[in-house]
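# sequence first, predicted model second:
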Amino acid sequence: MAKVEKGDYRSEPVAGPNLWRLKSGDRVAWVGADRPEHRSANGVLAILKCHDCALAVAEANWDSPKQFAGFGAPAAPEMNSENVARCQAAVETVKRLGLPRTWGPNWMLG
């Protein structure tokens, strides 16, 4: 992060499953089971509405590169009915928000 803050980053695209390029108008749904500090509505914990372009950086501890590569994917390899219902609820919630009313110029860092 220190390199990025100094402007020391590559001009060409970089692949990274733990970096998500969010554009203005994007919506990100956090789905899952209730947690002590977060209660869900039909399995939807939160919806992030992006008013500006942003970079989402995920950090966690994984035991293997294979686990790291699946960041953001459902926890189980097979979609069970509970996960399907959560994803469907997230899609319906985002649809009810309507079309985004934001626009950003080219997405870039810096």
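Perfect, thanks for sending it.

# show me where pLDDT drops low in this protein?
1, 4, 9-10, 12-18, 58-76, 108-110 (pLDDT under 70).

# most centrally placed residue in it?
Nearest to the mean C-alpha position of the chain, by C-alpha atoms, centre = their mean, lies residue 28 at 5.0 Å.

# against residue 81, how distant is the nearest residue to it once chain neighbours are set aside?
Spatial nearest neighbour of residue 28, excluding adjacent residues (C-beta to C-beta, 6 or more residues apart in numbering): residue 48 at 4.3 Å. From N, CA and C alone the C-beta is placed, and that goes for glycine too. According to C-beta to C-beta, to the nearest Å, residue 48 stands 26 Å off from residue 81.

# neighbour count: the two, which is higher?
Using other C-beta atoms under 10 Å as the criterion, residue 48 and residue 81 rank with residue 48 on top: 12 against 7.

# need the contact list for that one.
Applying C-beta atoms under 8 Å, 6 or more residues apart in numbering, we find residue 48 in contact with 27-30.

# which parts of the protein are helices?
Taking DSSP state H as the test, the helices found in the chain are 2-5, 65-69, 81-97.

# list the contacts of residue 89.
By C-beta under 8 Å, 6+ apart, the neighbours of residue 89 are 31, 41-44.

# repeat the analysis, applying 10 Å as the threshold.
Taking C-beta atoms under 10 Å, 6 or more residues apart in numbering, we find residue 89 in contact with 29, 31, 40-44.

# quick one: it and residue 39, what's the gap?
For residue 89 relative to residue 39 (C-beta to C-beta), the value is 14 Å.

# now, of the contacts of residue 89, which are buried?
Buried members of those, counted by 16 or more other C-beta atoms under 10 Å: 29, 31, 40, 43-44.

# and the two most separated of those?
Farthest pair in the buried ones among the contacts of residue 89 (C-beta to C-beta) is 29 and 40. Separation: 10.8 Å.

# anything in contact with each of these two?
Common contacts of residue 29 and residue 40, defined by C-beta under 10 Å, 6+ apart, comprise 46, 86, 89.
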